[in-house]
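Enquirer: I need the structure of the sequence given here:
(4 chains)
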Amino acid sequence: MFKPLNKTLNFSILMLFTLLPLLAGLGYAIAYSFGLVGVLNKGFTLENWKILFSTSEVYISVLYTSWLAFASLSICIFISLAVVLAFPKKFKSGIFSYLVYMPLAFPSIVAAFFFFQFLSNAGILARLCHQLGIINQISDFPNLVNDSYHIGIISTQTFLSLPFFILLYASLYQAEKLEDYQKLAYALGASKKQTIFKISIPILLKRSLPSIIIYFIFKLGSYEVPLLLGKSSPETISVLAVRKLQKFNLLDIPQGYAIAVIYAFLVLLLLFIAFKKSKHQYEV
Amino acid sequence: MINRKKNIILLTFLFIGSIINACKQNQSNTQQDSLMTQSWEEIEQKAKGTTVVFMKYLGDKKANKHIDEYVVPTVLKRYGITLKIIPGQGNEIVNSIMTEQEAGLAEGQTDMVWINGETFYQLQQIKGLYGPFTDKLPNSKYINYEDPIIKYDFQQAINGYEAPWGKASFIGITDAARVKNIPQSMQDFEAYWKAHPGKFTIPLDFSGYTLLKSWLVEIAGGIKELDGDFSQEKYDKYAPQLWDFINKNKKYFWKNGTTFPASNVTVSQMFGSGELNFAFSFGITAIDKGIKEGLFPATSKAFVFKAGSIHNTSYLGIPYNAPNKEGALVVINFLLSPEAQIKKSDINNSGGMPVFDYQKLEKQWQDQYQALPKIKYGMSEEAIQEKAIKETHSQYMINVAADFRTQVIEKP
Amino acid sequence: MKYSIKYFILLMLALVFTLPIAILFLLSFSQKWVFPKLLPEKLTLENWTVILGDGHVISNSFVISLSIALFVAGSATILGFVLSRYIAYHPKRRLLTFLTYFPFALSPVIFAICLKYYFIKLGLIGNLYGIVLAQLIIALPYSIIFFLSFWNQKVLDYQNLVYTLGGKQKQAFLYITLPLAKSFLVICFFQCFLISWFEYGLTSIIGYGKISTLTIHVFQFINEANIFYAALSCCLLILPPVILLWFNKRFIIQQKG
Amino acid sequence: MFLEVKNISKKFKSQQVLKEICFDVDAHQTLSVLGKSGCGKSTLLKIIAGIETADGGMVNLQGQNVLALPAQERKIVYLFQEALLFPNMNVFENIAFGLKIRNTEKHIIKTKVKDMLSQLELDGFDKKMPHELSGGQKQRVAFGRALILNPPLILLDEPFSSLDVETRSNMQQLYKKIAKEYQITALFVTHDLKEALLMGDKICYMENGVLEVYKDKQSFIRSEKTGVQNEINFWNNL
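Expert: Here you go, the predicted structure:
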C-alpha cells in the first residue's frame, strides 16, 4: 500500500477488472450470436444476424434510444445553462447548494416509480387537475407515461441528470473565469444577449463536451426508466436485449446477444469520440 | 511489457475457448439415479435441515403473503426445511436452467420451479427437468393423473416430470355498473370498443396471450380445430385474421393501442381505478379477492369469452441439476397435500381450484373443503366447468406472443 | 417584477428537488388512496412498523444492501486509489484510461447478461461474493477514473519533496499523500457506495433473486402493484444517500475553508 | 571538489534532453544555471536530487557517487518552483517536517524551528496555515523547511519566478544573507539573466541540453549566447 504495488500485480488487477470482463463478456456474446455456444445452437451460423438485420426492430431501437438520450440531455443542458447563468452563485453555498444534490440520492428505479405515480393518468398530477376542475375523469388527462411522446422517460432522465449538469456548469463557470470574460465582453461593447450566446454558452458547451458524450453513453444504456415508463414499442436497446434474452421464444436468445454486441460497439465508438475530443481531460 | 499484454490477451481468448469447448460436451442425461430407490422416509430424513430454493412468479400480493405466512413456516416446522422463495417466471426459469446447462454445472441454483405450458415445453426441449418423480410422492394418491386437465400440460403429457399445484380457468372481469351488456364474442367486443373507446387493453403477459388464444379458438370455430399437436398450417390460416381484427380496432384501445401494459397486475389496478372496464384472471376466486382487498368495485362480475374458458393446470417441477432434490420432493409433496391445497384455495389466500380429486379425499378433508367461504361475486366452479375448454399446444402461445409484437405492437 | 420571476424560477427548482422526496414519504405513510382524492384517506405508521418489525424481509434487505454497498465502496475506493496511480504515471496512460472507461460506460444489465455465464461457471451466482465482484466490476473503473484527476504532477512533486527531505515512502504516503487525498477518498467512497446501493439490473441477474437487495424489493413491490410498500422501500433507499450527502457536503465545504 | 557532475545524459522518448553534462561546484558556493524554459535545467536538478533517473554519467557529492542512492539518502534538498507547502500543516509543522520524520526530540525541534522562523523574519507566523501566507512568505517557509536539515547541497529550481519584482529582490537579498550564514552550497536555476548574475558565485549557461560553464563572471558577460551583450547594448542605446 505505501509502496506503489508491483507493476505486474497492478497491471493484472487492472486487466482483471477491465479488459478481462470485457473480452470475456463480448467474446461470449459474439460466440452466442454466431451459434458457437448455447444449448440450442448447432454450430456456426449467420442466421441470427440476418434475422436481426432483416427486421427494422434493431435500427428503430438504436435510433429511439439515441433520441431519448439526446432529448433528455438537451433539455437538461438547456435548463442547467439557464439556471447557472441566471444564478451563478446560488449553487456554491446556501440551501440550493444542498438541494441541488437531492436527485443524486435517487436510483433510477425510484425516480421512475415516482414519476409514474406523479404523471400517470390516475397519478398525483391528474388528481390535482381533477380537484382544480381541469379534468372530469381519468381519460381526460393526457398520457404522460407509457406515452407516444416519451414525456415520462424524458422527464425522469432530465430529473436524474439535472444535478450533474448544474454542478458541472456552476464549477466550470468559476474554473473558466466566465465572469471575467463576460466583463471583457461588456467592455468591448457586447450586449447582454450577445455575451450569453457568443461567449458564455459556447465556452461552457465546449468545455463540457466530453462529459456530455459520456453522459450520452450512460443514457444509452439506461434500463429501469424505459422499462417502467416506456411504451411496448419501440424499446430501448437494453430493454430490447433483455426481452430477447428472457422472454418467450428461446430461439431469440442469440439475437439478444447480437444486440448486446451491437450496443457494445456503439459504446466503444462513442467513447473513442469522447476521447478524441478531450486531449488532456479525463474527468467526467 | 507489450509482450506481457499480448500474453494476457492470448490467455483470455484461450480461457473463452476452453469454456466454449466445455459447453460442447454432452449434457448429463442420467436422470434416474439412486434418489428414486430410497424410501419416502429416507427422503424426508435426508431433507431435514436443508434449504430448498423455490423459484416462482411473485406477481400476486395475496398469494405471496400466503406462501410467506403459511407455507414457509409450516414446512420449516414439520420437515425442518428452510424454504427460500426467489422471483422468476416463464422464460426466466428456462433461461436460468439453460445457462447453467451451458456452463456444465452439476449443481444449479434452484430446487423447484412453478411452471406450466410453454415453460414446461421448453424445459423438456432442453432436458432441463428432473423426473419422473410424481409416483414417489405419497400425496399423489389424492390426484387423478388420468384427468386430461392434469395429464396434459398444454397438450403435452407431463409423464411425471411435474406435479400439479393449482388449476386455473381463464375468465374476464368487468364491472356490471359500468358495462350493462357484457360482450362475449369478438363481434360484441368490436361494437363495445367503438362505443366506449379507451376502456380495454391486453396485458403483455400470459393473461393477455391467453386472451389472444381464446380469440384464436373463436376464429377457428372451436377448440376441436386447434386440439392436438401444433399445426403451422392452421396457425397460418387463423392468426392473420386475429391480427387484422386487433389492428383494425386497436385505435379504440387504452392509449389508442399505442402501448400495452406489461402485466395483468397493472390492468387489474387500472380496472379498479376505473381507467379500464375489463381485466382478466386465471382464478375463479379473483373477483372475491379483489373486492375484499378493496381493489375492485362490489359490482364486479366474471364472464367467459365466447370460445369458452381456457383451463389449465400449473405445476411444480424440479430442475435436472437441483442440488436438493430430496428437499424439493418433500416440499412438493406437502404442497400437494389436501391440507395445503385447501388452504391455498381459500379466497383469503391464493384462491383458485385445488388439484385433488374430491372423491379420493378422506371425509375430514372433504368437510374442510366444503367449509371454505363460498364465492359470492364471481362464477361458481360448476358454471365455469361447463364452459371449460382445453389449452392449445404451447407452440401457439409462443407464436402468439412473438407475433403479437411483430404484427400488432410494432405496426403503427 | 424582474426579481419575482427569478424567485419564481428558484422556487420551482426547489420544488423539483424536494417534491419527489416529500411525495414518496407521504405515500409510504398512506394506505387507501383512490382516484380522485388528492390526499390519502388514511395516514398511518402501520406500513413502517410492519416493515421495520422483527425479521421482516425489508429490514433484512436493508442490512444486506448496506453491507454490500459498504464493502464494495470500501474496496473499490482503496483499489481504485492504488490502480489509478499506476495508470496516471504510466506511459500508456490514455490507452489504459480508455480501457477503464469501457466497463464503466457499458450498461450494467447488458454487461451482466454477457458475464452471467462465467459467474455461473465460477459458482458466483446467487451469492454475496458474486454480487460484490459484479458490482466491483462497475464501481472500480469509476473509482479509478475518479482518482485519475488526483494524481497530477503536483502530488508527484509533493512526494518527491518529501523524499528529498529524507522521508520514506511510508512517511510520504501517511503524512502527505493521504491527507491530500482525503476529500477525494471520501467523495469516491460516497459515489461508489451509491453505485452499489442503486444497482438493480446487474444485481438481479447475478444475484439470481437469492440476494434480495432493497432495489430488488422495490421492483418486486412495483410488480405486484403494492405502491405503498414500494414507496416505503424507495424511502429506505433514499434516506442513507440523503444523510450521507449532508455530511459529505459539509465535508467538502470544510475542505475548501 | 564538493560536487562533481560528469557526463550526465537523459533521453525522453526520442528527445535528448541532457547531453553529457559536466560541471563542478566548490563547497559554500552557489552556481547559477541560466537557461530558457525547457532547456533541461529542471531535469538536471531532478537527476541530481534523485527524483529522476539518468541514462548515464556520475554525480559525486563529497567524493561519493550518489546516483545509485535513492533520493532519501542523498541528503540533497530540492526546492521546487512552487513553494509546495504541505496544505494540511501549519508553518511550524511544515518547517519541522524533516526533523519530525527523523524522530528528532520535541524540544530540539521547537528551538530549531523558532530560530529558523526568526532567521526568515517569520516570527509569530508559526500557527498560520499555508493558504494564509503571501507568495514570498510561502517561499521563505519552503526555504526554512530545507535549511533546517542542514543539507550539504540545496537545489533551487527558479524559486522566485512567480513572485513580484519587489518581493523577488527582497528574497534574493534574504537568500544571499542566509547562504552566507549557513555556508550553503547550492545550484540556482533561473531564466533571469540578472538573477543568475546576482545569485551565483559562478555561472553556467544551458541550451538544448548542453551546459557551458564559465570560469568567471567576466567570461560569462563577454559570451555571445548568454544575451548579456544584447542587454548592455540595449541600455547603452537608450
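Enquirer: what about B:Glu146, neighbour count?
Expert: 8 (other CB atoms under 10 Å in any protein chain shown). All C-beta atoms are positioned from the backbone trio N, CA, C, and that covers glycine.
Enquirer: nope, D:Gln29 is what I meant
Expert: 18.
Enquirer: that one is in contact with D:Gln183, isn't it?
Expert: No. Counting by CB atoms under 8 Å, D:Gln29 sits too far from D:Gln183 to count as a contact (9.8 Å).
Enquirer: for residue 274, what are its contacts?
Expert: I went with chain A, as the question did not name one. By CB atoms under 8 Å, 6 or more residues apart in numbering or on different chains, the contact list for A:Ala274 reads A:Pro210, A:Ile213, A:Ile214, A:Ile217.
Enquirer: actually it's chain B I care about, not the one you picked
Expert: By CB under 8 Å, 6+ apart, the contact set of B:Gly274 is A:Gln137, A:Ile138, B:Arg178, C:Phe35.
Enquirer: near chain C, which residues of chain D?
Expert: D:46, D:49-51, D:70-72, D:74-78, D:80, D:82, D:84, D:86-88, D:97-98, D:101-102, D:145-146, D:149 (CB under 8 Å from any CB of the partner chain).
Enquirer: quick one on the thing from earlier: which of the contacts of B:Gly274 sit farthest apart?
Expert: Across these, the longest distance by CB to CB is 14.5 Å; it joins B:Arg178 and C:Phe35.
Enquirer: helix, strand or coil for whichever residue of chain C sits closest to chain B?
Expert: Among all residues of chain C, C:Gly209 sits closest to chain B, at 3.4 Å; criterion: CB to the nearest CB. Under DSSP: H, G, I helix; E, B strand; the rest coil, C:Gly209 falls in the coil class.
Enquirer: from memory it sits against B:Met55, does it?
Expert: Yes. Counting by CB under 8 Å, C:Gly209 touches B:Met55, with 7.1 Å between them.
Enquirer: find residues that contact each of those two.
Expert: Common contacts of C:Gly209 and B:Met55 (CB under 8 Å, 6+ apart): B:Ile86, B:Pro87, B:Gly88.
Enquirer: how about those residues in a markdown table, adding neighbour count?
Expert: Shown next, in a markdown table, are these (neighbours: other CB atoms under 10 Å in any protein chain shown):
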| residue | neighbour count |
| --- | --- |
| B:Ile86 | 21 |
| B:Pro87 | 21 |
| B:Gly88 | 24 |
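Enquirer: closest to B:Thr299 among the residues you listed?
Expert: For the shared contacts of C:Gly209 and B:Met55, the nearest to B:Thr299 is B:Pro87 (33.5 Å; CB to CB).
Enquirer: any idea what the residue most central in space within chain D is bridged to?
Expert: Centroid check for chain D by CA atoms, centre = their mean gives D:Leu156 as the closest residue, at 1.3 Å. In this entry, D:Leu156 is beta-bridged to D:Leu79, D:Phe188, by DSSP bridges.
Enquirer: is it in contact with D:Ile184, as I believe?
Expert: No. Contact criterion CB under 8 Å: D:Leu156 and D:Ile184 do not qualify, at 9.7 Å.
Enquirer: so which bits of the stretch 151-257 of chain C are right by chain B?
Expert: C:Tyr208, C:Gly209, C:Lys210, C:Gln220, C:Asn223, C:Glu224, C:Ala225, C:Asn226.
Enquirer: between those, which sits nearest chain A?
Expert: C:Asn223 (10.0 Å).
Enquirer: thought that closest one was touching B:Gly59?
Expert: Yes. Under the criterion of CB under 8 Å, C:Asn223 makes contact with B:Gly59 at 5.8 Å.
Enquirer: got any residues that touch both of the two?
Expert: Residues touching both C:Asn223 and B:Gly59 by CB under 8 Å, 6+ apart: B:Ser263, B:Val265.
Enquirer: buried ones in stretch D:146-164?
Expert: Buried residues in stretch D:146-164, counted by 16 or more other CB atoms under 10 Å in any protein chain shown: D:146-149, D:151-160, D:163.
Enquirer: tell me the mean pLDDT for it?
Expert: Average pLDDT, stretch D:146-164: 88.
Enquirer: equivalent analysis for stretch A:26-37, please.
Expert: Stretch A:26-37 comes out at a mean pLDDT of 92.
Enquirer: run the chain-centre distance for that stretch.
Expert: Relative to the centre of its chain, stretch A:26-37 is centred 27 Å away, using CA atoms, centre = their mean, to the nearest Å.
Enquirer: counting neighbours, which of the residues of the stretch 151-257 of chain C next to chain B comes out on top?
Expert: Counting by other CB under 10 Å, top hit in these: C:Tyr208 with 26 neighbours.
Enquirer: identify the farthest-apart pair in the buried residues of stretch D:146-164.
Expert: Of all pairs in the buried residues of stretch D:146-164, the most separated under CB to CB is D:Pro152 and D:Leu163 at 26.7 Å.
Enquirer: for B:Val52, grab phi and psi.
Expert: In terms of degrees, to the nearest 10, the main-chain angles of B:Val52 are phi -110, psi 130.
Enquirer: which non-adjacent residue is nearest the residue of chain D found nearest chain A?
Expert: Distances between chain D and chain A by CB to the nearest CB are smallest at D:Pro70, namely 11.9 Å. Nearest non-adjacent residue to D:Pro70, counting by CB to CB, 6 or more residues apart in numbering or on different chains: D:Gly50, 6.1 Å away.
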